[in-house]
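In: Quick one, fold the following:
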Amino acid sequence: MYILEPEFQKCIIEEETWKKDSIIITRAIGWKFGKIIIDANTENEVVNKLKDRDVWDRICVSDEFEIIDKKLQDSFQDDLSFPDDLPENEANRLNKLFSKKGESVFEEEGYEIQDTKLFFEANIEIKKTDSNTL
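Out: Numbers count the residues shown, from 1 in each chain. Model (predicted):
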């Protein structure tokens, strides 16, 4: 097992996908600090998987590794993205409700969480560990 942690602050994005009928809302939460424990056999295996970056130089660690434990701290950003075909007044209504009630508003409005992805940006420190908790 290995601990992965971005070298710099504000390099972790957690992306939730919420769905109701054909409407998909994406919530992106930025974290200042965080680390995860992953299941991997060798450091070389980890290094090779960390090379596969998207166009924003991010790695989706939740797609590449089995996450055993995670610790995310100090959210600095919480943004919602709505589909282009969602009427502006509905997007504004949901945004206002979200500002007041948080993510529980999605469930109250009939949305279900479909997926959560965890992205790390920039350089990532790799440390071997025998512990499965942070």
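
In: going forward, measure contacts and count neighbours with C-alpha atoms only.
Out: Fine.

In: Rounded mean pLDDT for the longest helix anywhere in the chain, please.
Out: Secondary structure assigned by DSSP state H gives helix 88-101 as the longest helix of the chain. Average pLDDT, helix 88-101: 92.

In: Need the outlier residue of the protein, farthest from its centre.
Out: Largest separation from the mean C-alpha position in the chain: residue 89, at 27.2 Å (CA atoms, centre = their mean).

In: buried set for the longest helix of the chain?
Out: 91, 94, 95 (16 or more other CA atoms under 10 Å).

In: Against residue 96, how distant is the residue farthest from the centre of the chain?
Out: 11 Å (CA to CA, to the nearest Å).

In: which secondary structure element contains the closest residue to residue 50 other than its chain neighbours?
Out: In this structure, residue 50 finds its nearest non-sequential neighbour in residue 59, 6.5 Å apart by CA to CA, 6 or more residues apart in numbering. Assigned by DSSP states H and E, residue 59 falls within strand 58-60.

In: who's in contact with that strand?
Out: Here strand 58-60 makes contact (CA atoms under 8 Å, 6 or more residues apart in numbering) with 50, 51, 52, 53, 117, 118, 119, 120, 121, 122.

In: Done for today, thanks.
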